[in-house]
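Novice: Pasted the sequence and its predicted model underneath.
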Amino acid sequence: MEQFPSRVALHELSRAYGRSFALHRINLELEAGCLTAVVGDNGAGKTTLLNLLATVDRPTSGEIRYDQMSRDEFARTTRHRIGWISHHPLLYEELTARENLAFFARLYGIGDAPQRCQAWLERVGLVDDADRSVEAFSRGMKQRLTIARALIHNPQLLLLDEPATGLDRQGTQFIADLLCQLVARGRLVVVITHDFGLVRNIADRLLILRRGKVAYDELLDDGQDVLKAYSKHA
């Protein structure tokens, strides 16, 4: 397994669409073993930030470095080590849950694909529905499968945009527990959420974006309530 960068640094990073900036001169350093909760109003630049980190979008100016790798080098050689949940599930609805996971397992060259697929179906509670077409799934079931899809290849950088969408309280707690485990294993995790219940006591860092700029960025004390920290600076 190749060494994954332990630090992602953004320097004077901007992304403009026409004359409008989605992000403007952002400076950040993200570290492995840390869960960063990103919050802000609609249009604050949260999703743009994730798209840039995932290398699916290019900055207008500034740079991103993954340890010593440039953005382009990382995109060529190491992008496959990202686990990404966006607003789109990226599932094939005509396939079954098992077939979806098998497809992505093959895409990532996973050697023990059948066993890995079964393990994730069990982990997200979809064993009984594994051979049903995804188009018949509820929103919450699709989200559980999306989580399995995003993590089946054991990614080192996790970029999660509203990962608890459609999940009930039990499902949200499952995600919170899973994120804690991943951070403890040294993963670098960035979570966009409006659901403070998801990250309330597990976030290591709170980042507030406002109109494309960093309005607040601080490490949190152990167990510090994210909602209270946000309320002070929103």
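Specialist: Yep, that arrived. Just so it is clear, the structure is predicted and the values come from calculations on it, not from any experiment.

Novice: How about residues contacting the top helix by length along the chain?
Specialist: In the chain, taking DSSP state H as the definition, the longest helix is helix 169-184. Residues from elsewhere that reach helix 169-184, judged by C-beta atoms under 8 Å, 6 or more residues apart in numbering: 33-35, 124-125, 140, 143-144, 147, 151, 158, 163-164, 167, 189, 191, 195, 197-199, 202, 204. The C-beta positions use only the backbone N, C-alpha and C, and glycine is treated the same way.

Novice: try it again with 7 Å
Specialist: Helix 169-184 is contacted by residues 33-35, 140, 144, 147, 158, 163-164, 167, 189, 195, 197-198, 202 when judged by C-beta atoms under 7 Å, 6 or more residues apart in numbering.

Novice: same thing with stretch 203-221?
Specialist: With C-beta under 7 Å, 6+ apart, stretch 203-221 has contacts from 21-24, 26, 34-40, 44-46, 226, 229-230, 233-234.

Novice: and what of stretch 115-128?
Specialist: Stretch 115-128 has contacts (C-beta under 7 Å, 6+ apart) with 97-98, 101-102, 105, 110, 130, 141, 144-145, 147-148, 152.

Novice: Would you agree R65 falls within a strand?
Specialist: Yes. According to DSSP: H, G, I helix; E, B strand; the rest coil, the state of R65 is that of a strand.

Novice: what about the closest residue to it other than its chain neighbours, how many neighbours?
Specialist: Nearest-residue entry for R65: A9, 4.9 Å, with adjacent residues in sequence omitted and distances by C-beta to C-beta, 6 or more residues apart in numbering. For A9, the neighbour count with other C-beta atoms under 10 Å is 16.

Novice: swap in G171?
Specialist: Counted with other C-beta under 10 Å, G171 comes out at 20.

Novice: rewinding a little: how far off centre is the longest helix of the chain?
Specialist: Its chain's C-alpha centre and that of helix 169-184 lie 13 Å apart, by C-alpha atoms, centre = their mean, to the nearest Å.

Novice: host element of the residue nearest to R65?
Specialist: strand 7-17 (DSSP states H and E).

Novice: Could you pull out the buried residues of the helix or strand just after that strand?
Specialist: Toward the C-terminus, strand 7-17 is succeeded by strand 20-31 as the next helix or strand (DSSP H and E). Using 16 or more other C-beta atoms under 10 Å as the test for burial, strand 20-31 gives F21, A22, L23, H24, I26, L28, L30.

Novice: what about the helix or strand following strand 20-31, average pLDDT?
Specialist: Next helix or strand after strand 20-31 toward the C-terminus (DSSP H and E): strand 34-39. Strand 34-39 carries an average pLDDT of 95.

Novice: Please report how far E63 lies from I175.
Specialist: 32 Å (C-beta to C-beta, to the nearest Å).
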